[in-house]
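Student: build me a model:
(2 chains)
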Amino acid sequence: GDSVTQMEGPVTLSEEAFLTINCTYTATGYPSLFWYVQYPGEGLQLLLKATKADDKGSNKGFEATYRKETTSFHLEKGSVQVSDSAVYFCALTSTNQAGTALIFGKGTTLSVSS
Amino acid sequence: DTEVTQTPKHLVMGMTNKKSLKCEQHMGHRAMYWYKQKAKKPPELMFVYSYEKLSINESVPSRFSPECPNSSLLNLHLHALQPEDSALYLCASSQVMRVGNQPQHFGDGTRLSIL
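Tutor: Numbering: from 1, shown residues only, chains lettered A, B, ... in the order given. Have a look, this model is predicted:
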């Protein structure tokens, strides 16, 4: 079945460091890809999305490019802030006869210190 | 600010109690979802409603009973829960269910503790 694999955390960085969180996927067909962020005590917020190969999603300084040849959707940010500390989930949509479901990776915890 | 509103934010209940979780969205979305999230884990899908009809039930125990009274509201009725049901319960919505490029929008969740 469809699946998402993302790097295990926690990832610990100093403020203004460069961030990469790796995400690869296995899917039949052409899934849409998403990054969601969960701040402590809150629900999930959509961070960015890409719906076809070579699309680049971007938001709040974060970027990710849909790479079909490497089945990857790595999240990057050039300069992280303390306020970026959160759990980041990579996800794809998987459609079958029953409907469309979000398949999540296990999540990567990011901790940024000043 | 989230566009999906969940109440209550916190709920503590005994194993014999009956309670309900509520979710509301006013984005005109016709698909609504319930997820369960344990600490440090991704959300797990429980139920999906499409056009107010139950479309997916991921083999959830009958002590969880969903209800969709109208296109804006989604309830989750709880009865005779077990301690292992303690978790964050998230509601989400999307425009329609069968189009994969539409994101799901999540509420902030209800944190449920079973005594």
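Student: could you use CA atoms for every contact and neighbour count after this?
Tutor: Noted.
Student: any low-confidence regions in chain B?
Tutor: For chain B, residues meeting the criterion pLDDT under 70 lie at B:1-2, B:98.
Student: how about the residues of it by chain A?
Tutor: B:40-43, B:55-56, B:90, B:97-101, B:103-109 (C-alpha under 8 Å from any C-alpha of the partner chain).
Student: let's see 6 Å
Tutor: Residues of chain B found near chain A (C-alpha under 6 Å from any C-alpha of the partner chain) are B:42, B:97-98, B:100-101, B:106-109.
Student: name the helix or strand for A:Leu45, please.
Tutor: Not quite, residue A:45 is Gln, not Leu. Using DSSP states H and E, A:Gln45 sits in strand A:44-50.
Student: contacts for that strand, please.
Tutor: Residues outside strand A:44-50 that contact it (C-alpha atoms under 6 Å, 6 or more residues apart in numbering or on different chains): A:32-38, A:57-58, B:106.
Student: 7 Å - rerun?
Tutor: A:32-38, A:56-59, A:66, B:106 (C-alpha atoms under 7 Å, 6 or more residues apart in numbering or on different chains).
Student: quick one on the thing from earlier: out of the residues of chain B next to chain A, which are inside strands?
Tutor: If you go by DSSP state E, the residues of chain B next to chain A have B:Phe106 in strands.
Student: can you pick the most crowded of the residues of chain B next to chain A?
Tutor: Among those, B:Gly109 has the most neighbours (other C-alpha atoms under 10 Å in any protein chain shown), with 30 neighbours.
Student: with the flanking residues excluded, which residue is spatially nearest to it?
Tutor: Leaving aside its chain neighbours, B:Gly109 sits nearest to B:Leu90 (4.4 Å; criterion: C-alpha to C-alpha, 6 or more residues apart in numbering or on different chains).
Student: tell me how far the host helix or strand of that neighbour is from the chain's mean position?
Tutor: Taking DSSP H and E as the definition, B:Leu90 sits inside strand B:87-94. Strand B:87-94 sits 4 Å away from the centroid of its parent chain (C-alpha atoms, centre = their mean, to the nearest Å).
Student: same check on stretch B:108-115?
Tutor: Centroid separation for stretch B:108-115 versus its chain: 11 Å, with C-alpha atoms, centre = their mean.
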